[in-house]
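Asks: how would this look folded up:
(2 chains)
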Amino acid sequence: MSQHTSRTQTATERKPIFWDRLLRQTWVTIVAVFFCLIWFFPVYWMLITSMKPRGEMMSTNPTFWPQHPTLLNFQQALFATNFFINLKNSVIVTFFAVIFSIIVAFLACSALTQYRFRARKGLMILILAIQMIPGTALLIPMFIVFNQLGLLDKYAGLILAYIAGTLPFSIWNMRGFFLAVPDDIFEAAKVDGASDWKILWKITFPLVAPGVVSTSVFAFINAWNDYLTAYTFMKDQNRYTLPLWLASFSTPLTGTDYGGQMAGSVIFSLPVVVFFMLVQHNMVKGITAGATKG
Amino acid sequence: MAQTAAQAIDQVPADHRIRRGHTPAFLLTPAGLILIVLVFAPLAFLCFTSFTDFNQRSLFTGEFNVTGFAQFANVLADDEFYKALLRTFLFTFALVAGSMLIGMGVGHMMTRLGGVMRYIVTFVLIFAWAMPNVASSIVWKWLFSPGYGIVNWMLSRLHVFGDVTNMSWANNTWLAFVCIWLLVVWQAVPYIAITLYAAETQADLSCIEAAQLDGAGPLRIYWQIIVPLIQPSIMVVTMLSIIWDFNVFNQIWLVSAGGPKGTTSTIGVFTYKKAFVDFNIGQGAAISIITTVILMLLTSIYIRNLLKSGEDL
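Replies: Numbers count the residues shown, from 1 in each chain, chains lettered A, B, ... in the order given. From the prediction side, this is the model:
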């Protein structure tokens, strides 16, 4: 009874509800602005510091806007260090690891989505479980074996380790795009007498191409960002990849140089952030496929 | 003729299963070989290593002794191992609780925002998400650096903690944990928030208006109506967070290196130090196996949840 009366009241008095909503909307917006300020601050501070001259950076009264913006830190980061050698290492290692993983993952995905066979479900669970193995569990045996084979400090060793890391992820991620292709298309092609290989290259590949691209980007980011494996395998500074370059960053003249470190962080992160923004939408779908069915 | 065509179409599904039996095997061979050589063989070798006294000398000479379960006995008798394990569980709990609560809040907030503001929040979230964790760890060290760190400066300005300009975060166990907690949560919230936001927009929220009219407050509506509706997503995200946070390594290694005196060593850092700093590789292998078993138990819960939520593998 009391519920009933309160309902008729709110129906007649529209205005308070309007103001109530406006007030709440304003509150939410204020909270959101605060959240953005806090969450973006580390990125902002990195960008600002990278443009500050040393004197302004090492000051007891920090400035929130660079008074004398300079690109000197970037110049230091790029030309006073091994940057280009380490960049080359990173590019070579990630390129081969990604190309290889993607081709193999593409073949595996077509088997895992377009055919029904008994072990299929078990294989998917296995691939998911492999991704959860802790880093040191694979690092220790690989280190021992690569040490015996002379693959430490070599591109080949790191490429093999990255393939082991990116392949299960690539299969899992690419699979979602394969599932989105309706089965009828393949059946129609089959009826028309197309061979398995022809279907794979002429029909499947063009249809899942966006998935191949976005999976490649994620595989690239995974390998590009790796620190632990490269840190363990590559002891020669000339074989460092960029994460090692950044973590061990110091310029010969100034020692620990925060300006240079921040410039280095910007240089290292920027391509990753840009790539990530391009394909992020697929990421959410990839990891929690099925989870949002609610 | 028309009849045979119809028959052919009828046969397709059966054909799909029987005659093509060899094709999936062929397509899976490269991936299978790679996983056997680069994942399963190393895991088998890890098991073997854990039964040996493989150490730094063995790396040069290739000589080692098979010691049976001695390494496991050593690990299980080591106080530091239990401390590291306990630390990992507590820290994982703190990370998951913190990032889930903030992530749920932000995800829900996004559903209430206007278009432009929501776009800005998404942009900010993706930035924090996409930063490579080596770079964000370096940035964190600068934010929290003694002497010139901006966080120290701001805290000093608050006049609550006194002058903390020269406070070193990495040299105090609790401060180091706080610093690393903030770093990991900063990077973990975006994925949680964006996923739960997506779940909320897809859920059927028609009963909310009724609840509102009945006078339920926004907090009560969130916990009693929205949370149960998006519970499958929350479960998956929580499980993934547990597994990921359990494995956090780079941030700890780069910010505090497990110090001071090993008091911020989680199990990953502890294992790494045993295997690659002390080069007590046999023992590192034994700890890795124990950790792998723990993680596989967690993963099996995750997979069970995934299957229950209707995921078709």
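
Asks: for chain B, what are the low-confidence residue spans?
Replies: The model of chain B has pLDDT under 70 over residues B:1-21, B:310-313.

Asks: residue boundaries of the strands in it?
Replies: With DSSP state E, there are no strands along chain B.

Asks: centroid residue for it?
Replies: Most central in chain B under CA atoms, centre = their mean is B:Trp244, positioned 0.8 Å from the mean C-alpha point.

Asks: what sits against that one?
Replies: B:Trp244 makes contact with B:Ala188, according to CB atoms under 8 Å, 6 or more residues apart in numbering or on different chains. Where you see a C-beta, it was placed from the backbone N, CA and C, and this is true even at glycine.

Asks: do the same with A:Ser59
Replies: Counted by CB under 8 Å, 6+ apart, A:Ser59 has contacts B:Tyr148.

Asks: now the helices for the stretch 201-313 of chain B?
Replies: B:206-213, B:218-221, B:227-229, B:231-246, B:250-255, B:267-272, B:281-308 (DSSP state H, counting those that start in this stretch).

Asks: alpha carbons only: can I get the fifth one in CSV?
Replies: Written as CSV, here are the backbone C-alpha positions of helix B:250-255 (Å, rounded to 0.1, in the frame of the first residue of the first chain):
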residue,chain,number,x,y,z
ASN,B,250,58.6,-7.3,-13.7
GLN,B,251,57.1,-4.6,-11.6
ILE,B,252,58.4,-6.1,-8.3
TRP,B,253,61.8,-6.8,-9.9
LEU,B,254,62.2,-3.3,-11.3
VAL,B,255,60.8,-1.3,-8.4
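
Asks: what helices and strands are in contact with it?
Replies: Here helix B:250-255 touches helix B:133-143, helix B:173-202, helix B:267-272, going by 3 or more CB pairs under 8 Å, 6 or more residues apart in numbering or on different chains; DSSP states H and E.

Asks: run a quick neighbour tally on residue 119.
Replies: Just so you know, I chose chain A. If you count neighbours by other CB atoms under 10 Å in any protein chain shown, A:Ala119 ends up with 12.

Asks: wrong one, chain B
Replies: Counted with other CB under 10 Å, the neighbours of B:Tyr119 add up to 11.

Asks: tell me the buried residues in the lengthiest helix in chain B?
Replies: Assignment by DSSP state H gives helix B:79-112 as the longest helix of chain B. Across helix B:79-112, burial judged by 16 or more other CB atoms under 10 Å in any protein chain shown covers B:81, B:84-85, B:87-88, B:91-92, B:94-96, B:98-100, B:102-110, B:112.

Asks: hmm, that helix touching chain A?
Replies: Yes. Against chain A, helix B:79-112 shows contacts by CB under 8 Å from any CB of the partner chain at B:Val106, B:Met109, B:Arg112.

Asks: return the member of those nearest to chain A.
Replies: Nearest to chain A among the residues of helix B:79-112 next to chain A: B:Arg112, at 4.5 Å, using CB to the nearest CB.

Asks: what's the most buried one of the helices and strands packed on helix B:250-255?
Replies: Most buried of these by mean neighbour count (mean count of other CB atoms under 10 Å in any protein chain shown) is helix B:267-272; its value is a mean of 26.

Asks: ok, and what's touching that helix?
Replies: A:134-136, A:228, B:80-81, B:84-85, B:87-88, B:246-249, B:252-253, B:257-258, B:262, B:284, B:287-288, B:291.

Asks: mind listing what the spatially most central residue of chain A touches?
Replies: Taking CA atoms, centre = their mean, the centroid of chain A lies closest to A:Ile221, which sits 4.5 Å from it. Applying CB under 8 Å, 6+ apart, we find A:Ile221 in contact with A:Val272, A:Phe275, A:Phe276, B:Ala130, B:Pro132.

Asks: what residues of the host helix or strand of it count as buried?
Replies: Following DSSP states H and E, one finds A:Ile221 within helix A:205-225. Within helix A:205-225, the residues that count as buried by 16+ other CB under 10 Å are A:208, A:211-212, A:214-225.

Asks: got the contact list for the closest residue to B:Thr49 other than its chain neighbours?
Replies: Spatial nearest neighbour of B:Thr49, excluding adjacent residues (CB to CB, 6 or more residues apart in numbering or on different chains): B:Ala285 at 4.0 Å. Taking CB under 8 Å, 6+ apart, we find B:Ala285 in contact with A:Ile140, A:Pro141, B:Leu46, B:Cys47, B:Thr49, B:Ser50, B:Phe54, B:Gln71, B:Ala275.

Asks: can you do 7 Å?
Replies: Contact partners of B:Ala285, counting by CB atoms under 7 Å, 6 or more residues apart in numbering or on different chains, are A:Ile140, B:Leu46, B:Thr49, B:Ser50.

Asks: out of these, which is most surrounded?
Replies: Using other CB under 10 Å as the neighbour criterion, A:Ile140 leads these with 29 neighbours.

Asks: which residue is the nearest non-sequential neighbour of residue 218?
Replies: Unless you meant another one, I'm taking chain A. Leaving aside its chain neighbours, A:Phe218 sits nearest to A:Asn173 (6.0 Å; criterion: CB to CB, 6+ apart).

Asks: my bad, the chain I had in mind was chain B
Replies: Spatial nearest neighbour of B:Pro218, excluding adjacent residues (CB to CB, 6+ apart): A:Arg24 at 7.6 Å.

Asks: quick check, pLDDT for the one you found.
Replies: pLDDT, A:Arg24: 81.

Asks: neighbours of it, how many?
Replies: A:Arg24 - counted by other CB under 10 Å - has 12 other residues nearby.

Asks: likewise for the one 4 residues further on?
Replies: Counted with other CB under 10 Å, the neighbours of A:Val28 add up to 19.

Asks: name the element it belongs to?
Replies: Using DSSP H and E, A:Val28 sits in helix A:14-50.

Asks: near chain B at all, stretch A:157-168?
Replies: Yes. Using CB under 7 Å from any CB of the partner chain, stretch A:157-168 reaches chain B at A:Leu160, A:Ile163, A:Ala164, A:Leu167.

Asks: ok, these vs B:Leu229, which is closest?
Replies: For the residues of stretch A:157-168 next to chain B, the minimum distance to B:Leu229 (CB to CB) is 36.0 Å, reached by A:Leu167.

Asks: quick check: the gap between the residue lying closest to B:Ile290 once chain neighbours are set aside and chain A.
Replies: If the residues on either side of it in the chain are set aside, B:Ile290 comes closest to B:Val75, at 7.0 Å by CB to CB, 6+ apart. Applying CB to the nearest CB, to the nearest Å, the value for B:Val75 to chain A is 13 Å.

Asks: now swap in B:Leu175 and tell me
Replies: Using CB to the nearest CB, B:Leu175 is found at 18 Å from chain A.

Asks: equivalent analysis for B:Asp204, please.
Replies: To chain A, B:Asp204 is 8 Å away according to CB to the nearest CB.

Asks: ditto for B:Leu95
Replies: Going from B:Leu95 to chain A by CB to the nearest CB gives 16 Å.

Asks: quick one, what contacts the nearest residue to that residue once chain neighbours are set aside?
Replies: Leaving aside its chain neighbours, B:Leu95 sits nearest to B:Asp245 (4.2 Å; criterion: CB to CB, 6+ apart). B:Asp245 is in contact with B:Thr92, B:Leu95, B:Val96, B:Val184, counting by CB under 7 Å, 6+ apart.

Asks: okay if I get those as TSV plus distance to A:Thr113?
Replies: Formatted as TSV, the contacts of B:Asp245 follow (distance: CB to CB, whole Å):
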residue	distance to A:Thr113
B:Thr92	34
B:Leu95	35
B:Val96	32
B:Val184	34
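
Asks: test my guess that A:Met163 contacts B:Val39.
Replies: One thing to correct before we go on: residue A:163 is Ile, not Met. No. Judged on CB atoms under 7 Å, A:Ile163 makes no contact with B:Val39 at a distance of 9.9 Å.

Asks: neighbour count winner among the two?
Replies: Per other CB under 10 Å, whichever of A:Ile163 and B:Val39 has more neighbours is A:Ile163, with 24 against 21.
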